[in-house]
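[1] Have a look; sequence and predicted model below, questions after that.
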Amino acid sequence: MATREEPPARCPVCETVYDSVSVHESGLMVNLLDNERYRRVCFEPGTRGDTSVIRFYHHTHGQARAESADDVRTE
Ligand SMILES: [Zn+2]
């Protein structure tokens, strides 16, 4: 798989639309147990320039629920 410089339109992990994407170069803690906005976060390792990064794709509760019903592929 080619290394992505820009995040795709859909989450590459679960192929569901996402609300936002964040890029991290170091470790961090994720706690979504009582998060009112986001239901799920998917992680994709990659690179940005010469730096290894991890992209976090944030899915809201609605997006996570709609993953099976919203099956339209745009690619
Ligand atoms: Zn995802």
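    That came through fine.

[2] which SSE is the residue most central in space within the chain in?
    By CA atoms, centre = their mean, the mean C-alpha position of the chain lies nearest to residue 57, the distance being 1.7 Å. Using DSSP states H and E, residue 57 sits in strand 51-60.

[3] How far does that strand sit from its chain's centre?
    Taking CA atoms, centre = their mean, to the nearest Å, the mean C-alpha location of strand 51-60 is offset from the chain mean by 5 Å.

[4] Which positions within the helix or strand following that strand qualify as buried?
    Next in sequence after strand 51-60, counting helices and strands by DSSP H and E, comes helix 61-65. When burial is assessed from 16 or more other CB atoms under 10 Å, helix 61-65 yields the following buried residues: residue 63. From N, CA and C alone the C-beta is placed, and that goes for glycine too.

[5] counting contacts, what elements does the strand holding residue 57 pack onto?
    For strand 51-60, the contact count by 3 or more CB pairs under 8 Å, 6 or more residues apart in numbering; DSSP states H and E identifies strand 20-24, strand 38-48 as packing neighbours.

[6] which intervals of this structure have sub-threshold pLDDT?
    Applying pLDDT under 70 to the chain flags residues 1-4, 67-75.

[7] Spell out which parts of it neighbour the ion.
    Residues of the chain lying near the ion by CB under 5 Å from the ion: 11, 13-14, 42, 57.

[8] Would you format these as TSV with distance to residue 65 included?
    Shown next, in TSV, are the residues of the chain next to the ion (distance: CB to CB, whole Å):
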residue	distance to residue 65
11	14
13	17
14	12
42	15
57	16
